[in-house]
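S.K.: Build the 3D model from these lines:
(one chain, ligands or ions: 1)
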Amino acid sequence: MRTPLTGPVPAAGLREWQRPLREQFPIVTGHPGLAYLDSAATAQKPKAVLDAVQAYLTGCNANAGRGTYTWANRTTALIEEARERVKAFLGDPAPGRSTVWFTSGTTEGLRTVARDWLVRELSDGDEIAVPFADHEANHLPWLEARDLLAERGVRITVHPVPYQQDSHDYDLEALAALAASAGERLRFVAVTHVHHVYGADMNVHRVREAVGPDVPICLDAAQSVGHLPVDLGALDVDFAVFSGHKAMALPGTGVVWARGLRGGPFRPGGWQGTPNTAGIVSLRAALDWLDAAGTARIEEWTVGLGVRLTDGLSRLDAYEVLGCGLSLTADSTVQRRQGLVTFRHRAIGANDLGFILASHGLLVRADGLCQARAGESDASVRVSLHVHNTPEEIDRLLGVLSDLADDRPGVGRR
Ligand SMILES: Cc1ncc(COP(=O)(O)O)c(C=O)c1O
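M.R.: Predicted coordinates for the structure are as follows:
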C-alpha cells in the first residue's frame, strides 16, 4: 500500500522542486495569463516529450515492422522498448508473461478488452460486475459485450458493482457477497482506480480480497497513471487500461496491460494498420519524465492544491462540492480525494460558470462529465490539477468564485 499522506500539504513548502518542473511545460509558460485546470481531460506535455517526438520525426520516422532499412528497424525497436517502459512504469508483476497493447486511449482500450477478450471468455449463464456510477467508458463496453454475446445466443448477467450509500467507495462487503453467491459463474469484474468526478481513490487494492483469487479484474486507470504511483503488483488486477494523453503523451495514445494469468490469453484480433509511432515514442518519453519528476511528489502536490481549493469552497455558501466527505488519508477504510475537485454553484449553471471562469483565464471542465451517480455530474464544474499548477492559481480561482458568490441574491460568503 502507498504511504499515507498526513494532512493538508503546506503548498508553499514544496515550491523549490515544483517551479523547475512547471517551467518545462511550454504551453504553460507561453500563456502566463491562463491557468490550465483540466488535466483530467488531457494533460499538458513537458518539453522532453515534445523534443522526443521532434527527434523521432526528424531523425528516423518510418513504419514499424515493414522495412529493411535503419529507420524502419529503429521504429520497430522503439515500439518494443516502449512496451517494456510501460511495464516497468506500472511495476508489472508478470514481465515475462504480460502483454502491452497500444490503443488511442482508455475508451478504445476497454472496448478492446470487451470485444477481443471478454466475448471469447464468457459462456451461457456467466456473470460479470461493472461500475455503473463510474465513467461510461467503463460500463458501455461491457454492455456491448453482453449484447454481442446475446446475438450469438449466449446469455450473461451484468451486475452493478455495489457502492456504499454515503460515500463514493465501492461496497466491498456487498461485492464479496455477490461473488460468494455467484461462485464460479462470476467471471469478470471492472473497477476504476480514481473517480473522474469525485476524485475519489476507489481503494481498488481491496477488490481482490472481495472477489477471491480467480476472478479477472479490469482496472480503469485513466485518472491515476501519471498522477500517483500505480503498482500493479500490489493491486493484483488482470488488466490495466489508461490514456497516454492524460499521462503527458500525445493525443491518440493509450495502453492495455494484460497480466495473462486468469482466463485465456489477451490477443487483440483483426487487421492492424500502422501504429501511432510518434504517439508511442511520446508515451515512452512521458513515462521517463513522470518517473524522474516522481509520481509520489506529484500526488502530494496535487492533493495539497485540491485541499486548498476545497477549504476555500467550504467557506462559500454558494458552492456545493461533490463528494465532500472524502478524506486525505490513505487508510484503507477512509476514502482519499486526489487532486480533482468537482463542484457547482447553487444559482449559476455549469456552462455559464465555465464561460465566466474562462473569461478570467481559468480553464476548467464544465458540464456533462460522462456519468456518475444519476444527475450529479450534469451541472457541475471540474477542476483537475497537475504538477504545473500553483497555489496562486487556486487562489485566483477562489477569488473569482468568491466574487460570484456575492453576485446572487440569497447566496454569499459564510
Ligand atoms: C475514469 C475515466 N475512464 C475513461 C476515460 C476515457 O478516456 P479517453 O477519452 O482517453 O478514452 C476517462 C476520460 O476522461 C476517464 O476519466
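S.K.: the strands in the stretch 151-300 of the chain, which residues?
M.R.: When assigned using DSSP state E, counting those that start in this stretch, the strands of the stretch 151-300 of the chain occupy the ranges 157-160, 186-192, 217-220, 239-243, 254-258.
S.K.: for the ones you listed, which one sits closest to Ala350?
M.R.: strand 186-192 (22.3 Å; CB to CB). For the C-beta atoms, the positions are set from N, CA and C on the backbone; glycine is no exception.
S.K.: State the mean pLDDT of the closest one.
M.R.: Strand 186-192 shows a mean pLDDT of 98.
S.K.: Let me know whether stretch 274-289 sits next to the ligand.
M.R.: No - judged by CB under 6 Å from any ligand atom, stretch 274-289 makes no contact with the ligand; its nearest approach is 12.1 Å.
S.K.: Stretch 160-169 now?
M.R.: No - interface with the ligand: stretch 160-169 contributes nothing (CB under 6 Å from any ligand atom), its closest point being 12.9 Å away.
S.K.: now Gly91: how far from Leu322?
M.R.: To Leu322, Gly91 is 31 Å away according to CB to CB, to the nearest Å.
S.K.: Neighbour count: these two, which is higher?
M.R.: In this comparison of Gly91 against Leu322, neighbours counted by other CB atoms under 10 Å, the higher total goes to Leu322 at 22 against 14.
S.K.: residues from this structure in reach of the ligand?
M.R.: Looking at the ligand, the residues of the chain close enough under CB under 6 Å from any ligand atom are 40, 105-107, 135, 137-138, 192, 196, 220, 222-223, 243.
S.K.: can you rerun that using 8 Å?
M.R.: Counting by CB under 8 Å from any ligand atom, the residues of the chain close to the ligand are 40-42, 104-110, 134-135, 137-138, 192-196, 220, 222-223, 241, 243, 245-246, 254, 370.
S.K.: Among the residues you listed, which lie within helices?
M.R.: The subset of the residues of the chain next to the ligand located in helices under the criterion DSSP state H comprises Thr106, Thr107, Glu108, Gly109, Leu110.
S.K.: In CSV, list the residues you listed along with distance to Leu401.
M.R.: Converted to CSV, these look like this (distance: CB to CB, whole Å):
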residue, distance to Leu401
Thr106, 30
Thr107, 31
Glu108, 36
Gly109, 35
Leu110, 34
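S.K.: which of those lies closest to Ala35?
M.R.: Taking CB to CB as the measure, Ala35 lies nearest Thr106 of these, at 25.3 Å.
S.K.: if I look at the closest one, how far off is Ala43?
M.R.: Thr106 sits 13 Å away from Ala43 when distances are taken as CB to CB.
S.K.: Leu283 too?
M.R.: Computed as CB to CB, the Leu283 to Ala43 distance reads 12 Å.
S.K.: Equivalent analysis for Gly264, please.
M.R.: Distance check for Gly264 against Ala43: by CB to CB, it reads 34 Å.
S.K.: neighbour-wise, which of these two wins?
M.R.: Neighbours were counted for Gly264 and for Ala43 using other CB under 10 Å; Ala43 has more, 26 against 10.
S.K.: Isn't that one up against Ala247?
M.R.: Yes - with the criterion set as CB atoms under 8 Å, Ala43 and Ala247 qualify as a contacting pair; they are 6.4 Å apart.
S.K.: Could you tell me which residues touch both of those two?
M.R.: When CB atoms under 8 Å, 6 or more residues apart in numbering defines a contact, the residues bordering Ala43 and Ala247 alike are Gly226.
S.K.: Closest to Gln272 out of the ones in helices among the residues of the chain next to the ligand?
M.R.: Distance to Gln272, by CB to CB, is smallest for Glu108 among these, at 12.8 Å.
S.K.: What is the neighbour count of that closest one?
M.R.: By the criterion of other CB under 10 Å, Glu108 has 18 neighbours.
S.K.: so it sits right up against Gly254, yeah?
M.R.: Yes - look at Glu108 against Gly254 with CB under 8 Å: they come within range, at 6.1 Å.
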